[in-house]
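Peer 1: Provided below are the primary sequence and the corresponding predicted coordinates.
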Amino acid sequence: MFRGVIHVFEQFIQLAKIFFVISLVCFAPQILFKKPKKNVPSLFNTVTSGGFTLGIENVTNQYLAQICPGACKIGLVTQFKDTNVELLKEKNIEVARVFYPHVSGVGIINNNPVSNSDRQGVESCAIKRDGFGESLDDINLLLVDLQDVGIGYMASIVLLFQSLHAGVRKKIPIVILDRPNLLGNKIEGSLLNPSDVHAQVPLRYGMTLAELAHYYNIHALSERVNLHIVPMYNYNRSVSMKNVDDIVIPRIDSIDAAWGYSLCGMLAQVSPFDVGLDTDAPYCCIALPKSVVLPEQKWYQLKILLRNIGIESSICRYYSKQKKEACRGLRLHIKNMHEVDSFKALLATLEFFKKSGIILHFSDSFDQSVGSSLVRRYVQGKVPKKVLADNINQGLEDFYRKAFGTFMYHPLPQVVLV
């Protein structure tokens, strides 16, 4: 019995030796050869929470000083005028002039005249379609922090291109403070040329502000601008934008409106649709005025059709000030934009109403908004779907191939073919 105990003890010692050797192999290199931490100051702010941080939250004055050393007069292109100036001021970044998108009826009417901001005492200037004029003559560096829905024909995309073009013309560096795409990671629809932008992008382009700027710098400008990017930290494209509440795009005052706009922004240009612009759910309604009769069961068929594309909906009724009559239809409830194919929903909706006997009238700007006359002509029965699909799919594949090197975040954007 004693001999058996000794044998067990010897086996235990043998196992302990084996465990010691394995531990030594695994951990000794980390202990003996661990690299010391370098005491290098960070050029960006560090992430302090589990969420992601925007480019404007991450930029520092040390980083900008490396790009523009010495006395540097900084301009800022943004829709968040006072809040962004205040945030940058807390980082010891003094903004000399703020440039923001001109919207008819809002802000400064003239292009170049400058006025004082009420809250911050910083010069401000509204930029219209004809560009910056002479308002950049004394600016040495231009920061760009623009919020965009994610649809290619929005005014903020034109302003982004104008900023890059101005950087080339004035020979000043452009710093993009990155923001997410509110529509997520899908790329779909026809290629279109926003006014004054010399490069085609899909209707829904699935890229962040900085990625789009990088794409324009390579494929749209006559010569490359001195472009710098302050990225978002802890960001990935699969994150939901559902809780975003600081939407500053005219007539799109909520994330629900932004998501609905990806479909209803185009439907608004087709009569007799009403998309709820003067309700508490702008761009979240697909409705018809009372004078246009659609059987009750058709609305329930449309509900099922949209549900299969990832869009929930409910029956709604409201008075339209634009149509000057009562409207009835569906109110959209998009829960996850990553699951919605906006362009597929657009085609399916137009097809549904045409088959239901509703006469559709397309506005003069519809073709430009969707990037092709083929969409209208297909719905009108003038071209087969294969012609439409081949044209769109080839454009999307070409765009993705050109844009691939500009993607900064994961997962990569997803191309949705027709």
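Peer 2: Okay, I see it. Residues are numbered from 1 along each chain as shown.
Peer 1: Next, work out how far apart Asp130 and His102 are.
Peer 2: The gap separating Asp130 from His102 is 10 Å, by Cβ to Cβ, to the nearest Å. C-beta: built from backbone N, CA, C; applies to glycine.
Peer 1: More neighbours: which of these two?
Peer 2: Neighbour totals were compared for Asp130 and His102, and His102 leads with 19 against 11 (other Cβ atoms under 10 Å).
Peer 1: tell me the SS of the residue most central in space within the chain?
Peer 2: The centroid of the chain falls nearest to Asn181 when counting by Cα atoms, centre = their mean (2.1 Å). With DSSP: H, G, I helix; E, B strand; the rest coil as the basis, Asn181 sits in coil.
Peer 1: all helices of the chain, in order?
Peer 2: Along the chain, the segments classed as helices by DSSP state H run 2-32, 55-58, 61-67, 81-90, 155-170, 209-219, 255-267, 296-307, 342-355, 366-370, 374-379, 385-403.
Peer 1: Throw those into a markdown table and include mean neighbour count and distance to Ala326, thanks.
Peer 2: What follows is the helices of the chain, written out as a markdown table (neighbours: other Cβ atoms under 10 Å; distance: least, Cβ to Cβ, whole Å):
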| stretch | mean neighbour count | distance to Ala326 |
| --- | --- | --- |
| helix 2-32 | 9 | 72 |
| helix 55-58 | 21 | 44 |
| helix 61-67 | 15 | 55 |
| helix 81-90 | 17 | 39 |
| helix 155-170 | 21 | 32 |
| helix 209-219 | 22 | 41 |
| helix 255-267 | 25 | 19 |
| helix 296-307 | 14 | 15 |
| helix 342-355 | 20 | 19 |
| helix 366-370 | 19 | 25 |
| helix 374-379 | 20 | 26 |
| helix 385-403 | 16 | 35 |
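Peer 1: who wins for proximity to Leu277 among those helices?
Peer 2: Closest to Leu277 of the helices of the chain, according to Cβ to Cβ: helix 255-267, at 9.0 Å.
Peer 1: Could you quantify the relative orientation of the closest one and helix 296-307 as an angle?
Peer 2: Interaxial angle, helix 255-267 versus helix 296-307 (axes from the mean of the first three to the mean of the last three Cα atoms, to 10 degrees): 110 degrees.
Peer 1: Off-centre distance for helix 255-267?
Peer 2: 13 Å (Cα atoms, centre = their mean, to the nearest Å).
Peer 1: I'd like the distance between Phe80 and Leu182.
Peer 2: Distance of Phe80 to Leu182, computed by Cβ to Cβ: 15 Å.
Peer 1: Please say which of those two ends up with more neighbours.
Peer 2: It is Leu182, of Phe80 and Leu182, that has more neighbours when counted by other Cβ under 10 Å, with 21 against 18.
Peer 1: now Leu267: how far from Ala348?
Peer 2: Distance, Leu267 to Ala348, using Cβ to Cβ: 12 Å.
Peer 1: thinking Lys91 is in contact with Thr60, fair?
Peer 2: Yes. Under the criterion of Cβ atoms under 8 Å, Lys91 makes contact with Thr60 at 6.1 Å.
Peer 1: can you redo the helices of the chain as CSV with mean pLDDT?
Peer 2: CSV is the format used below for the helices of the chain (pLDDT from 0 to 100):
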stretch, mean pLDDT
helix 2-32, 45
helix 55-58, 96
helix 61-67, 96
helix 81-90, 91
helix 155-170, 92
helix 209-219, 96
helix 255-267, 96
helix 296-307, 96
helix 342-355, 97
helix 366-370, 92
helix 374-379, 97
helix 385-403, 96
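Peer 1: now those helices in JSON lines, with distance to Val239?
Peer 2: Shown next, in JSON lines, are the helices of the chain (distance: least, Cβ to Cβ, whole Å):
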{"stretch": "helix 2-32", "distance to Val239": "33"}
{"stretch": "helix 55-58", "distance to Val239": "15"}
{"stretch": "helix 61-67", "distance to Val239": "25"}
{"stretch": "helix 81-90", "distance to Val239": "21"}
{"stretch": "helix 155-170", "distance to Val239": "21"}
{"stretch": "helix 209-219", "distance to Val239": "15"}
{"stretch": "helix 255-267", "distance to Val239": "13"}
{"stretch": "helix 296-307", "distance to Val239": "24"}
{"stretch": "helix 342-355", "distance to Val239": "19"}
{"stretch": "helix 366-370", "distance to Val239": "28"}
{"stretch": "helix 374-379", "distance to Val239": "31"}
{"stretch": "helix 385-403", "distance to Val239": "20"}
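Peer 1: Go through the ones you listed and name the closest to Val149.
Peer 2: Minimum separation from Val149 across the helices of the chain (Cβ to Cβ) falls at helix 255-267, 4.9 Å.
Peer 1: picking that back up, measure the residue nearest to the centre of the chain to Arg224 for me?
Peer 2: Computed as Cβ to Cβ, the Asn181 to Arg224 distance reads 23 Å.
Peer 1: what does Asp278 give?
Peer 2: Asp278 is 45 Å from Arg224, by Cβ to Cβ.
Peer 1: Next: Val383.
Peer 2: Look at Val383 and Arg224: by Cβ to Cβ, they are 39 Å apart.
Peer 1: cool, and Glu312?
Peer 2: Applying Cβ to Cβ to Glu312 and Arg224 gives a distance of 45 Å.
Peer 1: Mind pulling up the pLDDT for Gly152?
Peer 2: In this prediction, Gly152 carries a pLDDT score of 81.
Peer 1: and it, how many residues sit next to it?
Peer 2: With other Cβ under 10 Å as criterion, Gly152 counts 24.
Peer 1: repeat for Ser314
Peer 2: By other Cβ under 10 Å, 9 other residues sit near Ser314.
Peer 1: Give me the pLDDT for it.
Peer 2: pLDDT, the model's per-residue confidence, is 97 for Ser314.
Peer 1: For it, name its beta-bridge partners.
Peer 2: Beta-bridge pairing of Ser314 under DSSP bridges involves Arg331.
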